[in-house]
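A.B. asks: no sequence on hand, only this structure:
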């Protein structure tokens, strides 16, 4: 059973990026049921995943172009538009 | 159709949105602004390609997305990142029989509290910075920018199988680093 920890953490990581096959899901669930270390690791990866999602939504939510950036972009566009 | 062909108006209406998109991928103000400029110019030159079957915003985001992917591909080529010999942390965390060499600890804090803590942001950033370059790149794109697998694979020129290997390594590396630098404090205090 123990030798499967490395593989179980790979499946737990994959589950955050793709749909596991029925067999993969079953073997992951079975392993997690019996292995507290991998349960802990699975939980940690999910905490990182969810925290990253929250940070993503809060990080640039109110960000706007500065007046200077906007002025510069308008200048460039005006110049190009008249070529 | 003709009233939509106005890059100044695009900037006015969609500039902040496009800028936020670019910043969430590039984390660099000058670079994000440059990409926005290139996008508006490319859109202006290629406005005949706009079919009107999507909104202007969707069309502009599509162009920006391609510009960003091209930029990342170029970066990778320039720095000549090898994808074969990146550090595999999994060998350090598991014994030769594949079981944990050191038991992972319980993390007690929840994502909401972690997100609210500016101090945690700093620790997370420093742990991400410590990852090998390619792992860092795919982790940022996937977890912090929420790019889909296809986009990350295209930008980084890896297969999806390899991407999943890199993400597994990145997550285990990050878990270990955070455990030492952040979650380890619980037990000491």
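C.D. replies: Cool, got the structure. These numbers come from a predicted model, not from an experiment.
A.B. asks: is stretch B:163-173 positioned near chain A?
C.D. replies: Yes: on the criterion CB under 8 Å from any CB of the partner chain, stretch B:163-173 is in touch with chain A at B:163-165, B:167-168, B:171-172. Where C-beta positions appear, they are placed from N, C-alpha and C, glycine not excepted.
A.B. asks: narrow those residues to those in helices?
C.D. replies: Using DSSP state H, the subset of these located in helices is B:163-165, B:167-168, B:171-172.
A.B. asks: give me the contact list for the top helix by length along chain A.
C.D. replies: When chain A is parsed with DSSP H, its longest helix is helix A:36-59. The contact list for helix A:36-59 (CB atoms under 8 Å, 6 or more residues apart in numbering or on different chains) reads A:5, A:8-9, A:12-13, A:16, A:31-32, B:24, B:99-100, B:103-107, B:109-112, B:114-115, B:120-121, B:124, B:143-146, B:171-172, B:174-175, B:178-179.
A.B. asks: the nearest residue to residue B:26 once chain neighbours are set aside: how many residues sit nearby?
C.D. replies: Spatial nearest neighbour of residue B:26, chain neighbours left out: residue B:32 (5.1 Å); criterion: CB to CB, 6 or more residues apart in numbering or on different chains. Neighbourhood size, residue B:32 [other CB atoms under 10 Å in any protein chain shown]: 25.
A.B. asks: of the ones in helices among the residues of stretch B:163-173 next to chain A, which is the most crowded?
C.D. replies: Result: residue B:171 is most packed of these (other CB under 10 Å), 27 neighbours.
A.B. asks: for the residues of stretch B:163-173 next to chain A, which one is nearest chain A?
C.D. replies: Of all these, residue B:168 has the smallest distance to chain A: 4.1 Å, by CB to the nearest CB.
A.B. asks: now do the same for the closest one: its pLDDT.
C.D. replies: Predicted confidence (pLDDT) at residue B:168: the value is 96.
A.B. asks: find the nearest non-adjacent residue to it, please.
C.D. replies: residue A:13 (4.1 Å).
A.B. asks: what do you get for residue B:65?
C.D. replies: residue B:151 (7.3 Å).
A.B. asks: which SSE is that neighbour in?
C.D. replies: Applying DSSP states H and E as the criterion places residue B:151 in helix B:149-156.
A.B. asks: what residues does that helix touch?
C.D. replies: A:17-18, B:65, B:68-69, B:72-73, B:76, B:134, B:137-138, B:141-142, B:147, B:158-160, B:163.
A.B. asks: what about the residue nearest to residue B:168, how many neighbours?
C.D. replies: Neighbours of residue A:13 using other CB under 10 Å come to 22.
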